[in-house]
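Chemist: Fold the following.
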Amino acid sequence: MTTEQDKTLEALKTAIQMEIDGKKYYLKASQESGNALGKKLLEKLAIEEDNHRQKFEQIYEAIRKKKAWPTIDFKPDGGQSLRTIFAQAAEEIGSKAEAPTTELNAVQTAMDMENKTYDFYKRHGEKASHDTEKDFYHAVAAEEREHHLILLDYYEYLKDPAGWFVKTEHHSLDGG
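Modeler: You can find the predicted model right below:
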């Protein structure tokens, strides 16, 4: 008979593995990235995935020891540090970025990974039986969503750097 604790531990093991896989993927992608912006952004994402893993491991150990879901100090910055890195690097590189298909494919794969982890955390947050568990899963899900949006921004930048600058700088042609 599977207990509630067993289900919780299994979900936490899955979350830990997803974060390990994410970190590994981001480190590999950063090493293969052909531009400084990609390297910085992907390395930072690897660090964030590792931070998530550490939090999940803390929770796993507490639950495994038959304690209640612990209150974890986890306060995501809403992607602000990633957006800052992205904005600074994009300014330095400008609209002359070139992206090989492999870079675009790597970013697409990363966006898909972030969507899957978001769905997993959102689903577990909705099923959570304790407020601290629900709050934690929702916070991690929100951060994964933010990762996806930042990767999407990067993808659009790689596909059309000049168009990306026009869109993000909100320049308009007024004829004057």
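
Chemist: per-residue confidence for the residue nearest in space to the middle of the chain?
Modeler: Centroid-nearest residue in the chain, with C-alpha atoms, centre = their mean: His147, separated by 3.4 Å. Note for His147: predicted pLDDT of 92.

Chemist: pretty sure it contacts Glu48?
Modeler: Yes - using C-beta atoms under 8 Å, His147 is in contact with Glu48, at 7.1 Å. Quick note: C-beta positions are derived from backbone N, CA and C, even for glycine.

Chemist: any idea which helix or strand comes after the least confident helix or strand in the chain by mean pLDDT?
Modeler: Within the chain, no helix or strand scores below helix 80-93, which has a mean of 63 by mean pLDDT, DSSP states H and E. Next helix or strand after helix 80-93 toward the C-terminus (DSSP states H and E): helix 101-127.

Chemist: The residue nearest to Ala68 when sequence neighbours are not counted: how many residues sit nearby?
Modeler: The shortest distance from Ala68 to any non-neighbouring residue, by C-beta to C-beta, 6 or more residues apart in numbering, is to His130 (7.0 Å). For His130, the count of nearby residues is 11 (other C-beta atoms under 10 Å).

Chemist: just for this structure, where's the confidence low?
Modeler: 1, 78-79, 82-100, 169-176 (pLDDT under 70).

Chemist: all strands in it, in order from the N-terminus.
Modeler: Shown for the chain, no strands are assigned by DSSP state E.

Chemist: ok, and the closest non-adjacent residue to Gly163?
Modeler: Leaving aside its sequence neighbours, Gly163 sits nearest to Glu156 (C-beta to C-beta, 6+ apart; 7.9 Å).
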